[in-house]
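Participant: build the 3D model from these lines:
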Amino acid sequence: MADPTDREGVAQGQRQFSDDELQDLVASTDSGARAPTNRSIALLISVTALVWSLFQLWIAQPQLWFGQYLPVLNSSQTRPIHLMFAIFLAFLAYPAFKGSPRDRIPLVDWALALIGAACCFYVFAFSDTLAMTARSGLPTQFQVILGAIGIVILLEASRRALGPALTVVGSLFLLYAYFGTGWLIPELIEHEGLSFTSLINAQWLDTAGVFGIPLGVSTAFVFLFVLFGSLLDKAGAGNYFIKLAFAGLGHLRGGPAKAAVVGSAMTGLISGSSIANVVTTGTFTIPLMKRVGFTAEQAGSVEVASSVNGQIMPPVMGAAAFLMVEFIGISYIEVIKHAFIPAVISYIALVYIVHLEALKKDMPALGESKSFLGMIVKFFIGFAVAGVGFTILIYAMRTLQSVAPDLTTPISMSVLLLVYVWLVAIAARKPDLEVDDPNDPEIKIPTVGEVYSTGLHYILPILVLVWFLMVEQQSPAKSAFYATSLMLFIIVTQKPLKAMFRGEGGSFGETFREGINDLGDGLIAGARNMIGIGVATAAAGIIVATVTKTPIGTELAGLVEQLSMGYLFLMLIFVGLFSLILGMGLPTTANYIVVSSLMASVVVSLGAQEGLIVPLIAAHLFVFYFGIMADVTPPVGLASFAAAAVSGGDPIKTGFTAFFYSLRTVALPFLFIYNPALILYGVDLGTTSGILYAVFIFCVATFAMLLFAAATQGYFLAKSRIYESAALLLVAFTLFVPGFWLNQLQSPFVSIPPAQFEEAVANAPAGSRLRLQIEGPDFNTGDIATTTLVMDIEGEGTAQERIDASGLLLFPDGDEVRLDEPMFGTTTAETLADFDFYADEPVRLASIEAPRDRLPKEVFYIPALLLLGLVIMLQRRRQTKPAF
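Facilitator: This next block holds a predicted model:
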């Protein structure tokens, strides 16, 4: 793309940074800003990154064909090697300070890189020795010194790659774990303090600190997905997705902004970085948005809001999604299922927000104007056709597996190869897509027919990823390995195949070399993009270990509970603010680790105290959503600063505007906490009724979110008056959480005396639930606490068999029913873990609640739609332009 800054100058509202400066901004944040002029050193960095990518592919391949020749590494060995590469590259790629040299590597950085790598390599090479000594509680003095040095170097690497926030937070947690008491430590979270040896042992030498679950997720899952995205981008998929978005939406009112939203959603598959996404798509979309009437701040804000949400878009989500798998103990396909509806309706609402802005300002279309409603209809038709095609593919593969199971793999691979060659042959009929200059006075918006066939082969690896994740239900690591393997083949072969189909046989060797170079560049870029994530997950392990070894997790949660006065809604606001503030300096992954470790279980327990059953996945998604909002929110909001650098707008104003556009992302977590059906919790997608119910929820939630967007934008069919916006908010709330109004009229449960517990269990139909109010002394404070326990009624057994299956141990005593400690290993034991069953005051069954027959909650849709009809009638009188 031509550098437009020569023509634009640096006036307010004009672009202030050249393309090279923007790429440097991305590099300094994501992959390291240092570029040594010494070719040998530059080659060393590139080779190290390349070897790291090859190592990750080697340990990820699921067949383990080398097992009979070479030892197979376990997780306690792969994690140190992963961190060794990350730390070594962090010191070579990231300068210590802004004024530090970028064209060379100081001796201090060489020393830190080598010592840090050595500390990690020791954990790998002497894992058996550590198992016999440190991990058995007997660390040697040498091991303690080495661990202390490793922690200090890790924190410095974190500071360089991610800024000071995570380093400061990690250091504070280390100091708290060591001292335990002090004038800066509140009495509520005081403890005896860990010895220096115990601290280092827990944090570096054991497998639960630096080398714990977060780093394990980075090693096993995240690297492959980042590498997959890097290879897709290097192959040209990023430009293809942007062009496709513009071909489909560029002709509409505010088309560049709508294309920016859809393009960012698609490139979210490629880039896990909000900042890289902003710069990649924004250098093209932001100038075009300004040309059709958006201000510099609005153009930047649309790009920020759409780019940041790329982290919540299935099937490839941010690293936090893989951490959810480990923290909650559910499959990745379950995480995708729960995250799908909120993510999709959030993007649909953003497109609608952009459309409303275009209507308010009467923006022109670029080229011949087309119908927004028509484009929506075409999208849903295309989505339905793709769904039918995918379903046919599923049945075809199942038939093949049943008829010829031994031939399924070779046949499917042969068909995939033939389809790939066919799609490349189609792409070769048209010239390769060029990167457009958004400042060119002659802007020609391509048609879908001109663009779609040029990159259909990029869909194949995404299809393979989705297939193994959702149909074969393989692990994320295995699915990503197969998709990445196909991507490796595509990036090497696509250019030679195109040359062959275009009759350019003489350039076959040259294009093959270009493919090899693209492959090397993609592998290197993928590894460099992982430096910050690898260091972040390791440093966040310090916080996880501290929460495990000290009372801060339970006690800090108690403090938040006290501040919220026992009200779940207030507590959710506090947790959201905590996530936002912490996330202003932490990357999303580290922020999620910290807040979910401290707060997720508290949201569940406090909800239980209010009688609201909050699924653990809903609490984790709540934290995740607010964590990604930190990339938007001033005064830090790195994505907003990147967008302002492209647009020439004010960074703070851009951040506030982006936050306003992202209000739907702020509202959604509250909504699915109070209505878990929005995340398809409890919906069985394996049945026809479950699928139909999911479709119904999606349609209603989409409609409600569009009304919410219209209310917050102050424009629906015409400019809204305050009472009309309030009415739209009320309608949207009712559609999202209809059960709220029903609960005000009819209690959802009928109360049963505790003495009739066995009778209630015997009479409950199979598949139903009883809610038990449990009351007793808290294990930590001794105060009387209350919680709600959900008892699932399974099977047709007797009352006693059902009670035994739940893990409850009950002792009737007159009208009172006392509880003994539940059976170990059951869900009931986990839920009631905070009760002291050996105190003088017994733990008892306070009450039983059984579901009662009542009106369907959907009946409240009727008054909501009537109110909406009234708003439509009022606004139709003032409407001056079509709503779509």
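Participant: now do the buried residues in stretch 642-654.
Facilitator: Ala642, Ala643, Ala644, Ala645, Val646, Ser647, Gly648, Gly649, Asp650, Pro651, Lys653, Thr654 (16 or more other Cβ atoms under 10 Å). The C-beta positions use only the backbone N, C-alpha and C, and glycine is treated the same way.
Participant: please read the previous query as pertaining to stretch 346-358.
Facilitator: For stretch 346-358, by 16+ other Cβ under 10 Å, it's 346-358.
Participant: what's in contact with that stretch?
Facilitator: Contacting residues not belonging to stretch 346-358 are listed as 252-254, 257-258, 260-262, 265, 292-294, 298, 302, 305-306, 309, 312-313, 363, 372, 661, 664-665, 668, 702, 705-706, 708-710, 713, 715, 884 [Cβ atoms under 8 Å, 6 or more residues apart in numbering].
Participant: just the CA coordinates for that stretch, please, in PDB.
Facilitator: Provided in PDB are the C-alpha atoms of stretch 346-358 (Å, rounded to 0.1, in the frame of the first residue of the first chain):
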ATOM      1  CA  SER A 346     -22.600  -8.800  19.800                       C
ATOM      2  CA  TYR A 347     -21.200  -8.500  16.200                       C
ATOM      3  CA  ILE A 348     -24.700  -8.200  14.700                       C
ATOM      4  CA  ALA A 349     -25.500  -5.400  17.100                       C
ATOM      5  CA  LEU A 350     -22.300  -3.600  16.100                       C
ATOM      6  CA  VAL A 351     -23.200  -3.700  12.400                       C
ATOM      7  CA  TYR A 352     -26.600  -2.300  13.400                       C
ATOM      8  CA  ILE A 353     -25.000   0.500  15.500                       C
ATOM      9  CA  VAL A 354     -22.900   1.400  12.400                       C
ATOM     10  CA  HIS A 355     -26.000   1.400  10.300                       C
ATOM     11  CA  LEU A 356     -27.800   3.700  12.800                       C
ATOM     12  CA  GLU A 357     -24.800   6.100  12.700                       C
ATOM     13  CA  ALA A 358     -25.100   6.100   8.900                       C
END
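Participant: now Ser479: closest residue in space that isn't a chain neighbour?
Facilitator: Closest residue in space to Ser479, ignoring its immediate chain neighbours: Phe468 at 3.7 Å, by Cβ to Cβ, 6 or more residues apart in numbering.
Participant: tell me how many other residues surround the one you found.
Facilitator: When neighbours are defined as other Cβ atoms under 10 Å, Phe468 has 19 of them.
Participant: could you tell me which residues make contact with it?
Facilitator: Gln474, Lys478, Ser479, Tyr482, Ala483.
Participant: so which of the buried residues of stretch 346-358 is the closest to Ala384?
Facilitator: Ile348 (16.0 Å; Cβ to Cβ).
Participant: which helix or strand contains that closest one?
Facilitator: Per DSSP states H and E: Ile348 is located in helix 332-360.
Participant: which helices and strands sit right next to the helix or strand encompassing Ile145?
Facilitator: Ile145 belongs to helix 141-162 when assigned by DSSP H and E. The contact analysis (3 or more Cβ pairs under 8 Å, 6 or more residues apart in numbering; DSSP states H and E) places helix 141-162 against helix 75-93, helix 107-125, helix 164-179, helix 196-200, helix 531-549.
Participant: mind checking how far the next helix or strand after the shortest one is from the chain centre?
Facilitator: Downstream of helix 196-200, the next assigned helix or strand under DSSP H and E is helix 213-217. Helix 213-217 has its C-alpha centroid displaced from the chain centroid by 15 Å (Cα atoms, centre = their mean, to the nearest Å).
Participant: thinking again about what came up before, in helices only, show me the contacts of Phe468.
Facilitator: Lys478, Ser479, Tyr482, Ala483 (DSSP state H).
Participant: where does the stretch 401-550 of the chain dip in pLDDT?
Facilitator: 436-443, 505-506 (pLDDT under 70).
Participant: report the inter-axis angle for whichever helix in the chain runs longest versus helix 332-360.
Facilitator: What stands out as the longest helix in the chain, according to DSSP H, is helix 372-403. Computed by axes from the mean of the first three to the mean of the last three Cα atoms, to 10 degrees, the angle separating helix 372-403 from helix 332-360 equals 160 degrees.
Participant: what packs against helix 372-403?
Facilitator: Against helix 372-403 (3+ Cβ pairs under 8 Å, 6+ apart) you get helix 237-249, helix 408-428.
Participant: nearest to Ile445, out of the ones you listed?
Facilitator: Smallest distance to Ile445 across the helices and strands packed on helix 372-403 (Cβ to Cβ): 6.0 Å, for helix 237-249.
Participant: what's the helix or strand following that closest one packed up against?
Facilitator: For helix 237-249, the following helix or strand on the C-terminal side (DSSP H and E) is helix 255-267. Here helix 255-267 touches helix 237-249, helix 274-291, helix 296-308, helix 332-360, going by 3+ Cβ pairs under 8 Å, 6+ apart.
Participant: for the ones you listed, which has the smallest mean pLDDT value?
Facilitator: When the helices and strands packed on helix 255-267 are ranked by mean pLDDT, helix 274-291 comes last with a mean of 73.
Participant: helix, strand, or coil at Leu845?
Facilitator: strand (DSSP: H, G, I helix; E, B strand; the rest coil).
Participant: that one contacts Leu770, doesn't it?
Facilitator: No: using Cβ atoms under 8 Å, Leu845 makes no contact with Leu770, being 10.8 Å away.
Participant: quick one: common contacting residues for those two?
Facilitator: With Cβ under 8 Å, 6+ apart as the test, Leu845 and Leu770 reach no residue in common.
Participant: circling back: just name the most buried of the helices and strands packed on helix 141-162.
Facilitator: When the helices and strands packed on helix 141-162 are scored by mean count of other Cβ atoms under 10 Å, the highest mean neighbour count falls to helix 531-549 (a mean of 26).
Participant: burial measure for Ala839, as a count.
Facilitator: For Ala839, using other Cβ under 10 Å, the count is 13.
Participant: who are the contact partners of it?
Facilitator: Counted by Cβ under 8 Å, 6+ apart, Ala839 has contacts Gly776, Pro777, Gly782.
Participant: if the first one is in a bridge, with which residues?
Facilitator: Applying DSSP bridges to Gly776 yields these beta-bridge partners: Ala785.
Participant: just the buried residues of the contacts of stretch 346-358.
Facilitator: 252-254, 257-258, 260-262, 265, 292-294, 298, 302, 305-306, 309, 312-313, 363, 372, 661, 664-665, 668, 702, 705-706, 708-710, 713, 715.
Participant: I'd say Ser453 and Val424 touch.
Facilitator: No: counting by Cβ under 8 Å, Ser453 stays clear of Val424, with 10.7 Å between them.
Participant: which of the helices and strands in this protein ranks last by mean pLDDT?
Facilitator: helix 5-8 (a mean of 37; mean pLDDT, DSSP states H and E).
Participant: next, count neighbours for the closest residue to Ala220 other than its chain neighbours.
Facilitator: Among residues not flanking Ala220 along the chain, Ala477 sits closest, at 5.0 Å (Cβ to Cβ, 6+ apart). Other residues lying near Ala477 total 22 when counted by other Cβ under 10 Å.
Participant: try Glu472
Facilitator: Glu472: 13 neighbours (other Cβ under 10 Å).
Participant: for it, what are its contacts?
Facilitator: Counting by Cβ under 8 Å, 6+ apart, Glu472 touches Ser479.
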